[in-house]
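Visitor: Pasting the sequence and the predicted model now:
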Amino acid sequence: MSQATFATHEVFNQSPPFEDIDLYAVDRPLVEAVAANGGASAQSELCEFGKHWGSAAMAQRGRIANENTPKLRTFDSRGNRRDEVEFHPAYHELMAHSAHAGVHNSTWTADGRPAGGASEVIRAAKFYMAAQVETGHLCPITMTRASVAALAEQPDLLAKVMPVLATRSYDPSFAPWPTKRGMTLGMGMTEKQGGTDVRSNMTRAERDGSAYRITGHKWFMSAPMCDAFLVLAQAEEGLSCFLMPRFAPDGTINAIHFQRLKDKLGNRSNASSEVEFHGAYAERVGAEGKGIRTIIQMVQLTRQDCAIASAGLMRSGLAHALHHARHRSVFQKHLADQPLMQAVLSDMALHVEATIALVMRLCRSFDRAPVDAKEAAYMRLLTPAIKYWVCKSAPGFLYEAMECLGGNGYVEEGILARHYRESPVNAIWEGSGNVMCLDVLRALSREPEVASSIVHELTGETLGLPGAGEAVTFIGKAFRRPDSERVARLAVEKLALLAASAALNAVSVRHAQLFAATRLAGNHAGMYGAVDLAHDDISGLFGRALP
């Protein structure tokens, strides 16, 4: 009697890897949103970036960098203080590729002025694509880029830093920044007793000639491997901003003593730390007592990047889910051909369409703000609202994407489990949801006429879209209420949805109508797929999301 043969290692009915693709060319909503906001001339540059970051090699680097997390080397072999963070080579490769593409500095000129044109939009498209591959390394990338806005408050210091920061080189060596081919910057604001309430900071800064000596701690020091940090400390005239390098001017290691690296839910490839300063050398940035005004220039840009990264994570979740559904058969039909799965995936695709249109519209306002007061007002009012809606959307969206893959979505061999763990950080970092809502209320109270003009603009840009008029009325009433803080989340979300509808209307009128009908004309159901879209609309969304 012959023994039965079991081909247990034959793999079938599984989707092939989603790699070796052009992340730009396959994403029609991205291509059209970039073009609608002034970046069409960069198509070849963005396709080159998309092909490179969509390669299997880059996907492997992202996986390895997260499996081999950074390590803190507090002392050398002889017991000398070192406070160095050690990374796997895959992490350094990711950093080098981002730096080579100018993701850390391309929105600035060589002397630290805004680059103008569509530099914010073009750079955001790269950031969005890189986030689909590996998001952790983008933390020091975004802080390096954003720090220039704060350093502009101290022109002499900016002039010293820019020759090194403006290069497209990545230099991971542990050495004084003036000696390096390129540099990165981190930041430290949060202390044990207060995160949002930075005015409660207890870290002290004492004058030492033209510089300062800083003593205290930070509960979160982001990206401790950077060459210098922007930190807040209390000086004689109040909370002030400082640039603190890893090495003092005499070449000795600065008195920055890392206590430990944070054990985080996600963002594993990137290091975050607790730190103590023991008379650490630092130079002031901006005027004494104006630390928050100085650092907020940087925070505005990091909030922008939080929204871009979350949009990228959702785009990746959608692409992997749709790719899988087109190859996986259940009950003799591909998942992508089954009505329930079509409803889920098309609803998700609609969400991503609106998200990328909105994020690119926001980036256009950053491009135009230096020369257009109306765009500057849009940027101030909408940045916190957009960060709120986009970043808080991501965890639930990525859970749904994981479920589309079933068990394959949940295991760590795939990218979606990592995306899911990564997704909450952008809503928490640089101001939680409530802080974003309070910032919108603050902008409304400071500039009520300007804010009204922005809402008026959105009203015109959404004219004829289902539910837009009712949304405008609700927003106006909610923000005029004496107890507006009670309904701030609802009003801010409605404002973001209105802005998303307007942004999408400039890219695809049909999809703006669908988005407004499902999000503004009525309350969108709590689950993706609880909508009723026509078959042609479903096919159209799929074709745009992934040809």
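Guide: Noted; the coordinates are in hand. In this text the structure is predicted, and so the values were computed from the model without any measurement. Numbering: from 1, shown residues only.
Visitor: how near is Phe277 to Ser269?
Guide: Distance, Phe277 to Ser269, by Cβ to Cβ, to the nearest Å: 26 Å. Bear in mind the C-beta positions are built from the backbone N, C-alpha and C, glycine included.
Visitor: cool, and Thr184?
Guide: In terms of Cβ to Cβ, Thr184 sits 14 Å off from Ser269.
Visitor: try Asp111
Guide: 32 Å.
Visitor: Thr184 and Ser269: who's more crowded?
Guide: Ranked by neighbour count (other Cβ atoms under 10 Å), Thr184 and Ser269 place Ser269 first, with 29 against 25.
Visitor: The closest residue to Val31 other than its chain neighbours: helix or strand, and which one exactly?
Guide: Excluding the flanking residues, the one nearest Val31 by Cβ to Cβ, 6 or more residues apart in numbering is Tyr24, at 6.6 Å. Counting by DSSP states H and E, no helix or strand carries Tyr24.
Visitor: so Tyr24 touches Lys126, yeah?
Guide: No - Tyr24 sits out of contact with Lys126 when judged by Cβ atoms under 8 Å, with a separation of 9.1 Å.
Visitor: Compare these two (neighbour count), which wins?
Guide: Tyr24 (26 against 23).
Visitor: so what's that one up against?
Guide: Residues near Tyr24 by Cβ atoms under 8 Å, 6 or more residues apart in numbering: Leu30, Val31, Gln43, Leu46, Cys47, Phe49, Gly50, Lys51, Ala125, Met129.
Visitor: Give the buried residues for the helix or strand harbouring Ala280.
Guide: Ala280 is part of strand 272-285 when elements are defined by DSSP H and E. By 16 or more other Cβ atoms under 10 Å, the buried positions in strand 272-285 come out as Ser272, Ser273, Glu274, Val275, Glu276, Phe277, Ala280, Tyr281, Ala282, Glu283, Arg284, Val285.
Visitor: In these, find the pair that's most separated.
Guide: Ser272 and Arg284 (25.1 Å; Cβ to Cβ).
Visitor: Settle this for me: Val472 is touching Val455, isn't it.
Guide: Yes - here Val472 reaches Val455: they are 6.4 Å apart, a contact under Cβ under 8 Å.
Visitor: which residues do the two both contact?
Guide: In contact with both Val472 and Val455: Leu498, using Cβ under 8 Å, 6+ apart.
Visitor: rewinding a little: work out the gap between the strand holding Ala280 and the centre of the chain.
Guide: On the basis of Cα atoms, centre = their mean, to the nearest Å, strand 272-285 sits 25 Å off its chain's mean C-alpha point.
Visitor: next structured bit after that strand?
Guide: In N-to-C order, the element after strand 272-285 by DSSP H and E is helix 291-327.
Visitor: Okay, angle between that following helix and strand 272-285 too, please.
Guide: Computed by axes from the mean of the first three to the mean of the last three Cα atoms, to 10 degrees, the angle separating helix 291-327 from strand 272-285 equals 140 degrees.
Visitor: Check which helix or strand the nearest residue to Met314 once chain neighbours are set aside maps to.
Guide: Once flanking residues are discounted, Met314 sits nearest to Phe397: 4.8 Å by Cβ to Cβ, 6+ apart. Following DSSP H and E, one finds Phe397 within helix 373-404.
Visitor: and that helix, average pLDDT?
Guide: Mean per-residue pLDDT for helix 373-404: 97.
Visitor: and that helix, how far from the chain's centre?
Guide: 10 Å.
Visitor: pLDDT averaged over stretch 183-192 - what is it?
Guide: pLDDT averaged over stretch 183-192 gives 94.
Visitor: got it, and stretch 32-46?
Guide: What stretch 32-46 shows for mean pLDDT is 98.
Visitor: How far away from the center of its chain is that stretch?
Guide: With Cα atoms, centre = their mean, you get 20 Å for stretch 32-46.
Visitor: which of the residues in that stretch are buried?
Guide: Glu32, Ala33, Val34, Ala35, Ala36, Asn37, Gly38, Gly39, Ala42, Gln43, Glu45, Leu46.
Visitor: Kindly export that stretch (C-alpha atoms) in PDB.
Guide: The C-alpha coordinates for stretch 32-46 follow below in PDB (Å, rounded to 0.1, in the frame of the first residue of the first chain):
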ATOM      1  CA  GLU A  32      -3.000  64.300  -9.500                       C
ATOM      2  CA  ALA A  33      -2.900  65.900  -6.100                       C
ATOM      3  CA  VAL A  34       0.800  66.800  -6.700                       C
ATOM      4  CA  ALA A  35      -0.100  68.300 -10.100                       C
ATOM      5  CA  ALA A  36      -3.100  70.200  -8.700                       C
ATOM      6  CA  ASN A  37      -0.900  71.900  -6.100                       C
ATOM      7  CA  GLY A  38       2.000  73.000  -8.400                       C
ATOM      8  CA  GLY A  39       4.300  70.000  -8.500                       C
ATOM      9  CA  ALA A  40       3.700  68.500 -12.000                       C
ATOM     10  CA  SER A  41       7.200  69.500 -13.200                       C
ATOM     11  CA  ALA A  42       8.700  67.100 -10.700                       C
ATOM     12  CA  GLN A  43       7.100  63.900 -12.200                       C
ATOM     13  CA  SER A  44      10.300  62.300 -13.400                       C
ATOM     14  CA  GLU A  45      12.100  63.000 -10.100                       C
ATOM     15  CA  LEU A  46       9.200  61.600  -8.100                       C
END
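Visitor: Format the buried residues of strand 272-285 as JSON lines; extra columns: pLDDT and distance to Ile141.
Guide: Converted to JSON lines, the buried residues of strand 272-285 look like this (pLDDT from 0 to 100; distance: Cβ to Cβ, whole Å):
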{"residue": "Ser272", "pLDDT": "96", "distance to Ile141": "15"}
{"residue": "Ser273", "pLDDT": "97", "distance to Ile141": "18"}
{"residue": "Glu274", "pLDDT": "97", "distance to Ile141": "22"}
{"residue": "Val275", "pLDDT": "97", "distance to Ile141": "21"}
{"residue": "Glu276", "pLDDT": "98", "distance to Ile141": "26"}
{"residue": "Phe277", "pLDDT": "98", "distance to Ile141": "25"}
{"residue": "Ala280", "pLDDT": "98", "distance to Ile141": "24"}
{"residue": "Tyr281", "pLDDT": "98", "distance to Ile141": "25"}
{"residue": "Ala282", "pLDDT": "98", "distance to Ile141": "23"}
{"residue": "Glu283", "pLDDT": "98", "distance to Ile141": "23"}
{"residue": "Arg284", "pLDDT": "98", "distance to Ile141": "25"}
{"residue": "Val285", "pLDDT": "98", "distance to Ile141": "20"}
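Visitor: Please name the residues that touch Leu546.
Guide: Val26, Asp27, Leu318, Ala319, Leu322, His323.
Visitor: Oops, could you answer that again for Ala427 instead?
Guide: Contact partners of Ala427, counting by Cβ under 8 Å, 6+ apart, are Cys306, Ser310, Lys387, Tyr388, Cys391, Lys392, Ala394, Pro395, Gly433.
Visitor: Perfect, that will be all.
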